[in-house]
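Peer 1: Sequence first, then the predicted structure:
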Amino acid sequence: MNLKGLKSVRFSFADQHGVLRGKTLAAAAAEAAMERGVTVTSTLLLKDTSHRTVFPAFTPGGGVGSVEMQGAADVLMVPDPKTFRVLPWAPDTGWLLCDLRFMDGRPIPFCTRGQLHRALEKLESAGYEFVAGLEVEFHIFKVRDARLQPADAGQPGTPPEVELLTTGYQLLTEHKYDQLDPVIQILRNQLDQLQLPLRSFEIEFGPSQVEFTLAPQTGMAAADAMVLLRSAIKQVARRHGYHATFMCRPKLPNVMSSGWHLHQSLRRNGLNAFVSEREDLSEVGKQYLAGLLAHARAAAAFATPTINGYKRYRPYSLAPDRVIWGKENRGAMLRVVGAPRDPETRIENRVGEPAANPYLYFASQIWCGLDGIERRLPLPRPADTPYETKADMLPRTLEEALQHLRADKTLRDGFGAAFVDYYCRIKDAEIARFNLEVSDWEHREYFDLF
């Protein structure tokens, strides 16, 4: 890691929502920080998506049963040197991802990157390595009005007013891609300099909607790549007058939902453990798939962690609405991709939204899959008609997903009961604020009628 020529270094960690937070240090101070870490207030771990602190930080245990976090005490960001980058859009600035520790060096159970570390270690002890390939849909708009008047400030503030870059409903058409290519070129150039394993750039179905895919990587590297991809795209786009959003379903006329399709497999002794000589999926792969099915409704709380994301689960679309699997079927929640002796055999989980925290999403898949392997769960029959097959429905709301999560022993044991309760409380705070808001739907439905 070479800090020569840099003016500053950003030390960042992914919070409970997968949003990067941290501090920027002058280059002269960064070297020492590599050894001792960087302090930040522990209240950063206690906030919902409006950045409100939802736990009583100044009560005994700081509201989370941790005396080390009481009174908004400091915690330590410990940088991972393997994540070091120089930001191409800020060429005198370095960037590092960090894990969170208490001041005495012990891991913090609420660190989401630490949660994935634990899951990967458990998987490794079983003899496997997690491999993930990412397909990420998102929107890019032109900023018409940044909405930066004092009246626009708040928790949260007023989002920018935007306009489309393209109209939609012309999936993978070249002329629509060319309309977006000037912006994609900007993003592609910057992302390439970050050494992200870019694979493809595609026009999606909706207006101003694109999909970027990344080549397969091992667990932590793939999760780090997702965090950096989202953060870089948002920062680079905004510097050029655009607004990139990974919100699943923006409230804009004619705009379509975005998903995050997670391709996953296990590697054992350097080989794909899902490959079978005679079948589409090995016995280990079938058991892993059965585990994903068994805990799908609870794991949805990590794959789709926003209220908005559940508006994507619709029948007869390219999004799932029930807990099923299928062979090469894009209507199924879990799609098996591959054939006998195919080294790229994998399972595609189509349930996720692009705003999901990758550390928690990956960890949830590992805990579910491992349970299937350890208990040798039988795999139900695949679904040929994904929107007509009788099966458990996916949660219709975040609130329902949290109920399943609270009751799921495998995920409570994997993440730790304290973490699950902490995570659910943060999400409960978002739901409570949502339920207090008067929506456009309510006004249209009742204002004239009654």
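Peer 2: Okay, I see it. Model, not experiment: these values are computed from the prediction.

Peer 1: Between the two ends of stretch 13-27, how far is it?
Peer 2: 19 Å (CA to CA, to the nearest Å).

Peer 1: Kindly report the domain assignment for this protein.
Peer 2: According to automatic domain parsing, the chain comprises the domains 8-108, 119-439.

Peer 1: ok, now how distant is Phe110 from Gly62?
Peer 2: 11 Å (CB to CB, to the nearest Å). Just so you know, the C-beta spots here come from the backbone N, C-alpha and C atoms, and that holds for glycine as well.

Peer 1: What are the phi and psi values at Glu137?
Peer 2: Per-residue torsions, Glu137: phi -100, psi 140 (degrees, to the nearest 10).

Peer 1: number of nearby residues for it?
Peer 2: Taking other CB atoms under 10 Å as the criterion, the count of residues near Glu137 is 24.

Peer 1: Equivalent analysis for Gly168, please.
Peer 2: Neighbours around Gly168, by other CB under 10 Å: 17.

Peer 1: any low-confidence regions in this structure?
Peer 2: 1 (pLDDT under 70).

Peer 1: Give the residue farthest from the middle of it.
Peer 2: Phe450 (41.9 Å; CA atoms, centre = their mean).

Peer 1: any idea how far the nearest residue to Asp145 once chain neighbours are set aside lies from Val275?
Peer 2: Leaving aside its sequence neighbours, Asp145 sits nearest to Glu161 (CB to CB, 6 or more residues apart in numbering; 4.0 Å). Distance, Glu161 to Val275, using CB to CB: 50 Å.

Peer 1: the more surrounded of these two?
Peer 2: For Glu161 and Val275, the more surrounded residue by other CB under 10 Å is Val275, and the numbers stand at 22 against 12.

Peer 1: mind listing what that one touches?
Peer 2: Ser282, Gly285, Gly338, Arg341, Asp342, Pro343, Thr345 (CB atoms under 8 Å, 6 or more residues apart in numbering).

Peer 1: From Asp342, how far off is it?
Peer 2: 7 Å.

Peer 1: same deal with Glu68?
Peer 2: Taking CB to CB as the measure, Glu68 falls 49 Å from Asp342.

Peer 1: Comparing the two, which shows the higher neighbour count?
Peer 2: Glu68 (17 against 14).

Peer 1: Check the secondary structure at the more buried one for me.
Peer 2: helix (DSSP: H, G, I helix; E, B strand; the rest coil).

Peer 1: Next, the residue nearest to Asp145: phi, psi?
Peer 2: Dihedral angles for Glu161 - degrees, to the nearest 10 - are phi -90, psi 130.

Peer 1: got it, and Ala73?
Peer 2: Here is the backbone geometry of Ala73 (degrees, to the nearest 10): phi -70, psi 160.

Peer 1: looking at it, it is touching Ser42, isn't it?
Peer 2: Yes. Using CB atoms under 8 Å, Ala73 and Ser42 qualify as a contacting pair, with a distance of 5.5 Å.

Peer 1: Which residues are in contact with the spatially most central residue of the chain?
Peer 2: Centroid-nearest residue in the chain, with CA atoms, centre = their mean: Ala356, separated by 2.6 Å. Under the criterion of CB under 8 Å, 6+ apart, the contact list for Ala356 reads Gly18, Trp260, Phe302, Ala303, Thr304, Pro305, Gly309.

Peer 1: From those, which land in helices?
Peer 2: Among the contacts of Ala356, the members found in helices (DSSP state H) are Phe302, Ala303.
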